[in-house]
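Chemist: Any chance you could fold what I've pasted below:
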Amino acid sequence: MKNQYMMTATFGVLLVFGQANADEDKLSKDQMPKAVVSAFEKGYPNAKDVKFEKETFEGKMVYEVEYKENGKEYDILYSEDGTLVQKEEEIEVSSLPEPVTQAANKKYPQGKIEEAEKLMKPDGTVAGYEVEIEMDNKKVELELDVNGNILKTEEKTEDD
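Modeler: Numbers count the residues shown, from 1 in each chain. Have a look, this model is predicted:
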């Protein structure tokens with residue numbers, strides 16, 4: 001009986017910790033679907049420092065390829081069949097549209113925008129922006145549309 005309790009408790013702990021990292025799983029190139037690797041390599045032959053992850057995006061499993069090119073960082077999300085879902089491009093905070101900056105500063109007046117990304121649809125149009133705000137002992141990521149409406153907020157402590 002004691003063994004059964006210990007096994008159940010251990011399984012429960014593993015399940016909880018597994019769920020904590022369920023949003024992002026780092027993968028090797030060999031673990032990625034061949035269609036994703038092929039689409040990425042065809043579209044971005046000059047990419048450097050390439051990293052691969054599997055994550056959930058809008059409730060669906062996608063594959064993320066992070067890379068650097070021409071001094072900028074990019075994240076590209078693909079479906080399993082290699083179809084482009086979204087591209088994220090690192091941008092200067094100073095190049096954020098005014099409504100986005102104003103909305104972030106209004107929501108977190110005590111914070112400072114440290115990083116910014118432009119979120120683009122597969123056709124290249126801008127879908128929105130993601131900003132990282134630093135405050136005392138925590139970071140906040142905001143996803144905003146092009147008009148500055150906050151779509152998603154994720155808070156992290158410095159320990160995360």
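Chemist: isn't Glu114 right up against Glu130?
Modeler: No - counting by CB atoms under 8 Å, Glu114 does not reach Glu130; the two are 11.9 Å apart. In this view, the C-beta of every residue, glycine as well, is placed from N, C-alpha and C.
Chemist: Compare those two and say which is more crowded by neighbours.
Modeler: Neighbours per residue, other CB atoms under 10 Å: of Glu114 and Glu130, the larger number sits with Glu130, 21 against 11.
Chemist: The more buried one in helix, strand or coil?
Modeler: strand (DSSP: H, G, I helix; E, B strand; the rest coil).
Chemist: got a list of what it touches?
Modeler: Contacts here follow CB atoms under 8 Å, 6 or more residues apart in numbering; on that basis Glu130 touches 88, 116-117, 119, 141-144.
Chemist: Would you convert the residues you listed into TSV that also reports neighbour count and pLDDT?
Modeler: Output for the contacts of Glu130, formatted as TSV (neighbours: other CB atoms under 10 Å; pLDDT from 0 to 100):
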residue	neighbour count	pLDDT
Glu88	19	96
Ala116	20	97
Glu117	21	97
Leu119	20	97
Glu141	15	96
Leu142	23	97
Glu143	17	97
Leu144	24	97
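Chemist: What is the nearest of the residues you listed to Lys156?
Modeler: Compare each of the contacts of Glu130 with Lys156 using CB to CB and the shortest gap goes to Glu141, at 7.4 Å.
Chemist: Now do the residue positioned nearest the centre of the chain against Val50, distance only.
Modeler: Among the residues of the chain, the one closest to the centroid is Asp75, at 7.5 Å (CA atoms, centre = their mean). Applying CB to CB, to the nearest Å, the value for Asp75 to Val50 is 11 Å.
Chemist: list the residues that contact both of those two?
Modeler: By CB under 8 Å, 6+ apart, Asp75 and Val50 have these common neighbours: 65-66.
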